[in-house]
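1. Pasted the sequence and its predicted model underneath.
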Amino acid sequence: MQTMQSCYAKRFRQLHRTCLRSLQSQPLDNELQRRLDRNPKKVEKPSPITEAEIVKWNMAITEKMRNGHCDSALSLFETMSHRTSVSWNAMISGYLSNGRFDLARQFFDRMPERDLVSWNVMISGCVRNRNLSGARILFDKMPKRDTVSWNTMLSGYTQNGYIDEAREIFDKMPNKNSISWNGILAGYVQNGRIEAACQLFESKSDWEVVSWNCLMGGYVRRKRLIDARRLFDIMPERDEVSWNTIISGYAQNGELLEAQKLFEDSPIRDVFTWTAMVSGYVQNGMLTEARRFFDEMPEKNSVSWNAMIAGYSQCKRMDLARELFEAMPCRNISSWNTMITGYAQSSEIDRAWSLFNEMPRHDSISWAAIIAGYAQNGCSEEALRLFIEMKRDGERMNRSTFTCALSTCADIAALDLGKQVHGRLVKAGYEMGCYVGNALLSMYCKCGSIDEAYTVFEGMTQKDVVTWNTMITGYARHGFGKEALKVFESMRLTSINPDDVTMVGVLSACSHTGLVNKGTEYFYSMDKDFGIMAKAQHYTCMIDLLGRAGRLEDAQVLMRNMPFEPDAATWGALLGASRIHGNTKLGEEAAERIFEMEPDNSGMYVLLSNLYAASGRWSDVGNMRLLMRDKGVRKVPGYSWIEVQNKVHTFSVGDSMHPEKDRIYAFLEELDMWMKREGYISSTKMVLHDVEEEEKEHMLKYHSEKLAVAFGILTIPSGRPIRVIKNLRVCEDCHNAIKYISKIVGRLIILRDSNRFHHFDGGSCSCGDYW
DNA sequence: CTAGGGTTAG
């Protein structure tokens, strides 16, 4: 067991390294070095500068930095003839608060004599950048440490979820002040260990009001309003934060009457109090009330405006949001971001984009919002292009943009790009926690690289239920049912409980592998073993499982007895089973029900016409086509794509646009000859087995997936798998043909269709011709 | 340069 673990850890590191290598090294910032090395401007009469003057200069630098004018601060700094460590520190902390960690670090490394504050500033910069190991190195290296140094390390650990390390720091530190005590308390609170926080809180009595508020805030965040209120009532002194915390607690949780009562009782009503009320009403969808409070507010800041704008935008009232946005006296970056998010989520991506271009400055949230906007509106390529632009803009990727990038790569199955993102992730020094790790795992699964997915999975030191589910479902969708079940069995040995998603994965794994008895066993023991009630999805899995195994009768009985109304997916499972087993009558009935529920589902017409074709009812095949035309069912054009050397090549049926088309077509002709020699017979009569529209054999040969596969064989070096993605289900003839092709050329071909993965190898497919 | 409350992404 132990050696297995370290073996995977090693493979995980190797994967990291290969991803890192695929990145180009970043150019060094030589320009800055030149500017710093340049001699300070010679003053005609070198008059001795007074201490008061130095202080004035330093304050000016701090002021410039506070207003975000890094360049003016730098010119001031350069012009100074006497720089004290305070000047250097002002530059460093200025850069840090303006998000320029790299420049801050360069100043820190170059400053002649670092004082205690310089070290502390730099450590806090690392912490704010979530670079804990960097912070720790500095902390261990610094010649002298004061309480601030210890506290910075402490809060660094707690804010990033390392509560054990934080506790170690806390226990070791020689002098503790009230900030240290509050630090460890906040650590427990922020990491969800509210009981531990409570215990600590009871172990001493001289807590400051800040800590009372902190614990109360913890209860509020966990919606434990009664506990929060108990603290509020007994705390020895209350400040405005105490009042605002309890008020916003009630407001956020829908208890607006109580919130309003406290609002009136409160001795101080500041901007926070008013905004809490507005946002409370907003979050409960009570926009009129929110607006009344908003209008009555004696003073508003940008956050108050933003809360109201967010309210309108969450209700898709972008007209009203826009009105406020235009009217507000000073917008901050959040206002812009709120508007962009609103437009993106109302499918008005063009408006989001023009605001994005209008806004004065972008932060990581603006980028995440616009990128997610494009990705969610189906423009994955555009989203990925923006990532590159984001880097050019100097915005560093954070956990959010990384996960967003990974899921976008997963959507279009861009494995090479995904690996580059993986490389950047490693380079940026992110620890493989669940948040990032799950996205990475899912990317490898959806990009068809199931082995690398498993490497990531084994390498992850922290796994949550999502991690396990992703791996199980990943294996199931790739047709590796046994592996999926193995993962599930090892999950049962951990303390993490399976949930309903896990069981959908497990059941579909059984179904794809034909493990009828095992699946049935899991299905009926779900409730007893894990306390999971079967949902409609689980019944659909079971109907699929029984149907595929040819037990169509049992499948129908189960469907009749299920406590839900069958939906299109359930009938779809039955239709699929009927197709495999050639039960036309049952198939027709299922199809009819589906057409009633989802008249536009073109995939189902295809499935039904396949069924007719399989039983030789050719006139019905023709009728289906007419029916589709009459009902105006919009055919989704089928296309496939493949990534070669970082570029995505897209093919549609009979494609004649690709620059390499002559080579591809010639190669397909040659392949065809070989395939026929091996015994392949094309099934040209199955006219509608795909929504791609063609009838003749020579056209069928050029289905988009065949074109993409042929292109892949021609361009991807041998030994590497060919990964092709198709937006619809793969058609039967292509599936058959690709099996032959995999044997003839001796290559592994991995095809992702709209439903699942097919691994073609040596003439057979991992789906066992069941899909 | 290290604590607690209101807005924006995933």
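-> Received the coordinates, thanks.
2. The residue nearest the centre of chain A and DNA strand B, how far apart?
-> Among the residues of chain A, the one closest to the centroid is A:Thr403, at 3.7 Å (CA atoms, centre = their mean). In this view, A:Thr403 and DNA strand B are 6 Å apart by CB to the nearest atom of the strand, to the nearest Å. Using the backbone N, CA and C atoms, a C-beta is placed for each residue, glycine as well.
3. Can you read off the pLDDT for that residue?
-> pLDDT, A:Thr403: 86.
4. quick one: it is in a helix?
-> Yes. Residue state for A:Thr403 (DSSP: H, G, I helix; E, B strand; the rest coil) corresponds to a helix.
5. residues in contact with it?
-> For A:Thr403, the contacting residues are A:Tyr435, A:Val436, A:Ala439, by CB atoms under 8 Å, 6 or more residues apart in numbering.
6. could I get the host helix or strand of the last one in CSV with only the CA atoms?
-> Pointing back at A:Ala439 there. For A:Ala439, the host element (DSSP states H and E) is helix A:434-446. Output of helix A:434-446 as CSV, limited to C-alpha atoms (Å, rounded to 0.1, in the frame of the first residue of the first chain):
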residue,chain,number,x,y,z
CYS,A,434,-9.8,19.8,-3.3
TYR,A,435,-10.8,23.1,-5.0
VAL,A,436,-8.1,23.1,-7.7
GLY,A,437,-7.5,19.3,-7.6
ASN,A,438,-11.1,18.4,-8.5
ALA,A,439,-11.1,20.8,-11.4
LEU,A,440,-7.8,19.3,-12.7
LEU,A,441,-9.1,15.7,-12.2
SER,A,442,-12.3,16.5,-14.0
MET,A,443,-10.4,18.2,-16.9
TYR,A,444,-8.3,15.0,-17.4
CYS,A,445,-11.5,12.9,-17.3
LYS,A,446,-13.4,15.0,-19.8
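7. Close to DNA strand B: what parts of the stretch 301-450 of chain A are there?
-> Counting by CB under 7 Å from any atom of the strand, the residues of the stretch 301-450 of chain A close to DNA strand B are A:301-304, A:306-307, A:310, A:332-335, A:337-338, A:341, A:344, A:364-365, A:368-369, A:372-373, A:376, A:398-401, A:403-404, A:407.
8. one step back: which residues touch the helix holding A:Ala439?
-> Applying CB under 8 Å, 6+ apart, the contact partners of helix A:434-446 are A:399, A:402-403, A:406-407, A:409-411, A:413, A:415, A:418, A:421-422, A:425, A:430, A:432, A:450, A:452-453, A:456-457, A:460, A:462-464, A:466-467, A:470-471, A:473-474, A:477-478, A:752.
9. which ones among these are found in strands?
-> A:Arg752 (DSSP state E).
10. Show me just the buried residues among the contacts of helix A:434-446.
-> A:399, A:402-403, A:406-407, A:409-411, A:413, A:415, A:418, A:421-422, A:425, A:430, A:432, A:450, A:452-453, A:456-457, A:460, A:463, A:466-467, A:470-471, A:473-474, A:477-478, A:752 (16 or more other CB atoms under 10 Å).
11. residues contacting A:Arg396?
-> A:Gly99, A:Phe101, A:Ser364, A:Ala428 are the contacts of A:Arg396 under CB under 8 Å, 6+ apart.
12. what's the nearest residue to the second one once chain neighbours are set aside sitting at in phi/psi?
-> Take A:Phe101 and drop its neighbours on the chain: the residue closest to it by CB to CB, 6 or more residues apart in numbering is A:Asn129, 5.1 Å away. A:Asn129 has phi and psi values of phi -90, psi 10 when expressed as degrees, to the nearest 10.
13. Grab the CA positions of stretch A:407-416 and hand them over as PDB.
-> Extracted in PDB, the C-alpha atoms of stretch A:407-416 (Å, rounded to 0.1, in the frame of the first residue of the first chain):
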ATOM      1  CA  SER A 407     -13.400  23.500 -16.900                       C
ATOM      2  CA  THR A 408     -13.400  25.400 -20.100                       C
ATOM      3  CA  CYS A 409     -10.600  23.200 -21.400                       C
ATOM      4  CA  ALA A 410     -12.700  20.200 -20.300                       C
ATOM      5  CA  ASP A 411     -15.800  21.500 -22.200                       C
ATOM      6  CA  ILE A 412     -14.000  21.500 -25.500                       C
ATOM      7  CA  ALA A 413     -11.600  18.700 -24.500                       C
ATOM      8  CA  ALA A 414      -8.500  20.700 -25.200                       C
ATOM      9  CA  LEU A 415      -6.100  18.400 -23.500                       C
ATOM     10  CA  ASP A 416      -2.800  20.200 -24.500                       C
END
